[in-house]
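Enquirer: Give me the fold of what follows.
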Amino acid sequence: MWNWEAIFAESLAYEDFLARHGTEAQRARWAAVDERVSLTPEQRALLSGFQRQMHVLCIAGAWCGDCVNQGPILRHIAAASPAIQLRFLDREAAPELRDAFSINGGQRVPLALLLSEDWQLCSAYGDRVLAYYRQMAKDRLGAACPTGIVPPGPALLAEATAEWIAEFERVQLMLRLTGRLREKHGD
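Expert: As a prediction, the model looks like this:
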């Protein structure tokens with residue numbers, strides 16, 4: 001059984017993660033995507049209306065192109081909702097966790113573990129959202145693992161952002177409807 005609270009306490013805020021684990025060039029790639037992520041007014045309203053606290057632990061690598069393209073999306077989602085606490089953990093710093101949550105037999109990142117306020121695992125979501133897999137299939141001649149050097153185009157970034165928000169909403173609804181939390185909060 002994982003002690004999610006202890007693991008979360010040892011993880012890092014977005015900026016601290018990049019400062020500790022990223023090179024200057026890697027941080028520049030993350031920043032290039034971060035400045036291009038935008039949430040629609042509807043997405044901001046949805047996220048700001050979340051009532052249940054969520055702890056989100058993102059296992060990532062500052063070097064990883066998929067993390068470059070999706071980590072900033074997670075930061076924007078968390079910034080839009082006071083109910084979301086987001087932390088990052090370097091994939092190599094937690095080998096037991098990395099290995100336990102392999103995807104398709106591999107150590108793929110980013111992997112977001114969405115946890116309830118009382119540290120119950122609700123979702124393990126990641127690697128790439130569907131929009132990125134569709135784009136990769138379309139551009140099959142490119143590298144299998146994006147470098148993060150060229151940020152995704154606006155339409156792809158918007159679609160990936162919407163997919164991440166849909167997963168956060170799914171978990172938020174799970175938390176709002178679960179009996180144990182409804183009883184705890186009297187709703």
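
Enquirer: which secondary element of the chain has the worst mean pLDDT?
Expert: Counting by mean pLDDT, DSSP states H and E, the weakest-scoring helix or strand in the chain turns out to be helix 130-138, with a mean of 81.

Enquirer: For residue 60, give its distance to residue 95.
Expert: 14 Å (CB to CB, to the nearest Å). Every C-beta, even on glycine, is put in place using the N, C-alpha and C of the backbone.

Enquirer: For these two, indicate the residue with more neighbours.
Expert: Applying other CB atoms under 10 Å to residue 60 and residue 95 shows that residue 60 carries more neighbours, namely 26 against 10.

Enquirer: hang on, residue 83 packs against residue 50?
Expert: Yes. The criterion here is CB atoms under 8 Å, and residue 83 meets it with residue 50 at 3.9 Å.

Enquirer: hang on, the earlier thing: which positions within the least confident helix or strand of the chain qualify as buried?
Expert: 131, 132, 135 (16 or more other CB atoms under 10 Å).

Enquirer: possible to save those as JSON lines with distance to residue 36?
Expert: Output for these, formatted as JSON lines (distance: CB to CB, whole Å):
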{"residue": "131", "distance to residue 36": "15"}
{"residue": "132", "distance to residue 36": "15"}
{"residue": "135", "distance to residue 36": "16"}
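
Enquirer: quick one: which of these is nearest residue 8?
Expert: residue 132 (26.3 Å; CB to CB).

Enquirer: so the closest one sits right up against residue 66, yeah?
Expert: Yes. Counting by CB under 8 Å, residue 66 is a contact partner of residue 132 at 7.2 Å.

Enquirer: Hey, what's the angle from the helix or strand containing residue 76 to helix 130-138? Just curious.
Expert: Following DSSP states H and E, one finds residue 76 within helix 65-79. Interaxial angle, helix 65-79 versus helix 130-138 (axes from the mean of the first three to the mean of the last three CA atoms, to 10 degrees): 160 degrees.

Enquirer: Next SSE downstream of helix 65-79?
Expert: On the C-terminal side of helix 65-79, the closest following helix or strand by DSSP H and E is strand 84-90.
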